[in-house]
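> Just to be clear, the model below is a prediction. Sequence and coordinates:
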Amino acid sequence: MGRQLKFEIFRFNPAKEGDVPRMQEYTLDETPNMTLFIALNRLREEQDASLTFDFCCRAGICGACAMVINGRPNLACQTKVKDLPAHITLHPLPVYKLIGDLSVDTGVWFREMYTKTESWIHTKKVFDPAKEEERMDDAIADEIYELERCIECGCCVAACGTARLRDDFMGAAALNRVARFVVDPRDERTEEQYFDIIGGDTGIFGCMGLLACEDVCPKGLPLQNQLGFLRRKMGISALKDIFKKK
C-alpha cells in the first residue's frame, strides 16, 4: 500500500478579480512509479479541474512543467514522488510572469534574452545554396551541441540569487547562450562586441557564483564552466582595452 501524499499548492489567478495568493491542500494516494506530473494530472482530473500548470512532452525535453518543488526548481515530469517526502509543497517559478497557480510565462523572458544577446550567427558571408556545406571540427561541434542542450525550462534563472534581486540580470541561460556563439567559428563577432553584450554587472560580472544554476539544471549542463570561460575572456578583453588607451 502506497503512502498518502499531502500537497500544498500555490493558488492564484491574477486575471480573476478579487483572487488572492494562497496555499491549498490536497491529498492523494501514491501509486508505483508515480511522477509529480502524474500526480498533478490526477489532482486536476479527480479533485480540482481549476488547478493550472503547464506540460507538453512528459519526457524532460520541453521544459514546460518546471516549478519549485519543496523549495527547489525542477521538472514535474522528471520528479518521482518516491524521492520526495509525503508532504510536498509546490510553487511557480519566480522571476517569470505568473499566468496562474503553477503556470508561468517563460516565453517573454527568453524572447527578450534572445534579442538582448543577439542570438544568431553574425557573418558577412552571403549564403549560397549551391555551395558545399562548410565543415566543422568534431570537437567544436560537440562543444556547441553540449551548450545547445538547454531546454529553456527557466530553472537556472529561478534559482539564481542575482536574478531574484535584479530584473536586468541576464542569468545563466543567457550567458550559456552567448558562450555557444563564442565557440562557434562561423560567428564573426569580436571580443569587444561580446563585451558590449555581457561585459558588465548585468552580465558575466553580476554573477555571485552561488552555483545554484548548475545545481538545479535538469539537463546537467556545465553552466559554471561556461560562466568561468566567459569571465576569463571578458576580463582579458577589458585589460586589452585598458592597455590600448594608455
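Perfect, thanks for sending it.

> Show me the domain layout of the chain.
4-103, 118-245 (automatic domain parsing).

> Indicate which one of those is closest to Arg111.
Distance to Arg111, taken as CB to CB, is lowest for domain 118-245 among the domains of the chain, at 10.0 Å. All C-beta atoms are positioned from the backbone trio N, CA, C, and that covers glycine.

> so where do the helices sit in the protein?
36-46, 106-117, 138-148, 155-158, 161-165, 171-182, 191-198, 212-216, 223-245 (DSSP state H).

> tell me the most buried of those?
Mean neighbours per residue, mean count of other CB atoms under 10 Å, is largest over the helices of the chain for helix 155-158, with a mean of 28.

> so Cys155 touches Ala66, yeah?
Yes - using CB atoms under 8 Å, Cys155 is in contact with Ala66, at 5.2 Å.

> Next, show the common contact partners of the two.
Common neighbours of Cys155 and Ala66, using CB atoms under 8 Å, 6 or more residues apart in numbering, are Pro73, Asn74, Leu75, Leu93, Pro218.

> what's near enough to touch the third one?
Meaning Leu75. Applying CB under 8 Å, 6+ apart, one finds that Leu75 lies in contact with Gly60, Gly63, Cys65, Ala66, Cys153, Cys155, Pro218.

> rerun at 10 Å
Applying CB atoms under 10 Å, 6 or more residues apart in numbering, we find Leu75 in contact with 35-37, 55, 57-67, 69, 151, 153, 155, 216, 218-219.

> Out of the domains of the chain, which is closest to Phe110?
domain 118-245 (5.4 Å).

> taking the mean pLDDT, what do you get for the closest one?
Confidence over domain 118-245 (mean pLDDT, whole number) is 91.

> Number of residues surrounding Cys56?
11 (other CB atoms under 10 Å).

> what do you get for Phe127?
Phe127: 6 neighbours (other CB under 10 Å).

> Could you do the one 3 residues further on as well?
By the other CB under 10 Å criterion, the neighbourhood of Ala130 contains 4 residues.

> likewise Asn13?
17.

> With the one 10 residues further on instead?
Per other CB under 10 Å, the neighbour tally for Met23 reads 13.

> how far away is the nearest residue to it once chain neighbours are set aside from Thr106?
In space, and not counting its chain neighbours, Met23 is closest to Glu8: 4.9 Å by CB to CB, 6 or more residues apart in numbering. For Glu8, the distance to Thr106 (CB to CB, to the nearest Å) stands at 23 Å.
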